[in-house]
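[1] sharing a model that was predicted from the sequence below.
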Amino acid sequence: MGDSFITIIAIFLAAVLMFVFPLIAMSERTDDIAELAVQTATTDFVDNVRTTGKLTTDDYDKYLETISSTGNSFDVDIELQILDENPGVKTTQTEMTKIGENLYYKLYTSQVEEKLDADKKITLKEGDMVSVTVRNTNQTISQILKNFFYQISGNDTYQIAAQNAGIVTVNGSK
């Protein structure tokens, strides 16, 4: 009886070592590849906005389609910091390039999407800043397996994330 029990335990451990751990490793590799694809798409998107000075509906939709092609759902946060051309009546200096004198107002994701829906394009100028942060909202296979085996819990955990930001280098109106 004792030998049978040890044999059953050995078979169970062998099955876990032969099938489960390689499955976890492969699912983590899949997440790594998806994260690389999302990081590349985010970098390309931000660089396109920085170098053209324009954020168009087509570019934004193409970006969302590219990151969604990984098979995951994402929360995309866009922040545009627009250089205020008229920071106030009290300013007596006419040069806006001095350090500490520039004032920015911000547009966030919902405001950007509303403006894109209405105008199909947001024109930026030199000195404006764009920042994009992306996190997956669904649970990947890797997360499910880790939660099952390691009892990791929490709704705020994400496996795939990317971030990029930069300063616009050209005026989009040209």
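    Structure's in. What do you need?
[2] in the longest strand seen in the chain, what counts as buried?
    Ordering each strand of the chain by length in residues (DSSP state E) puts strand 74-83 first. If you call a residue buried by 16 or more other CB atoms under 10 Å, then strand 74-83 has these buried ones: Phe74, Val76, Ile78, Glu79, Leu80, Gln81, Ile82, Leu83. Any C-beta I mention is one placed from the backbone N, CA and C, and that applies to glycine too.
[3] go on, stretch 115-132?
    Neighbour counts over stretch 115-132 (16+ other CB under 10 Å) mark Lys115, Leu116, Ile122, Leu124, Gly127, Asp128, Met129, Val130, Val132 as buried.
[4] just checking, what packs against the lowest-mean-pLDDT helix or strand in the chain?
    The weakest-scoring helix or strand in the chain, judged by mean pLDDT, DSSP states H and E, is helix 141-150 (a mean of 79). In terms of contacts (3 or more CB pairs under 8 Å, 6 or more residues apart in numbering; DSSP states H and E), helix 141-150 is packed against helix 21-52.
[5] okay, the angle between the helix it packs on and strand 74-83?
    Relative orientation of helix 21-52 versus strand 74-83 (axes from the mean of the first three to the mean of the last three CA atoms, to 10 degrees): 20 degrees.
[6] can you list the buried residues in helix 21-52?
    For helix 21-52, by 16+ other CB under 10 Å, it's 24, 27-28, 30-31, 34-35, 37-39, 41-42, 45-46, 48-50, 52.
[7] other SSEs contacting it?
    Applying 3+ CB pairs under 8 Å, 6+ apart, one finds that helix 21-52 contacts helix 57-68, strand 129-136, helix 141-150, strand 161-167.
[8] and those, which one is worst for confidence?
    Lowest mean pLDDT within the helices and strands packed on helix 21-52: helix 141-150, at a mean of 79.
[9] residues in contact with it?
    With contact meaning CB atoms under 8 Å, 6 or more residues apart in numbering, helix 141-150 is reached by Val20, Leu23, Ile24, Ser27, Glu28, Thr30, Asp31, Gln139, Ile152, Ser153, Thr157, Gln159.
[10] which one of these sits closest to Phe12?
    Nearest to Phe12, judged by CB to CB, of these is Val20 at 10.6 Å.
[11] so what's Met45 up against?
    For residue 45 the amino acid is Phe, not Met. Phe45 sits in contact with Asp59, Tyr60, Tyr63, Val132, Asn164, where contact means CB under 8 Å, 6+ apart.
[12] likewise Lys115?
    With contact set as CB under 8 Å, 6+ apart, Lys115 has these partners: Leu107, Ile122.
[13] any idea how far the helix or strand hosting it is from the chain center?
    Using DSSP states H and E, Lys115 sits in helix 109-119. With CA atoms, centre = their mean, to the nearest Å as the basis, helix 109-119 stands 18 Å off its chain's centre.
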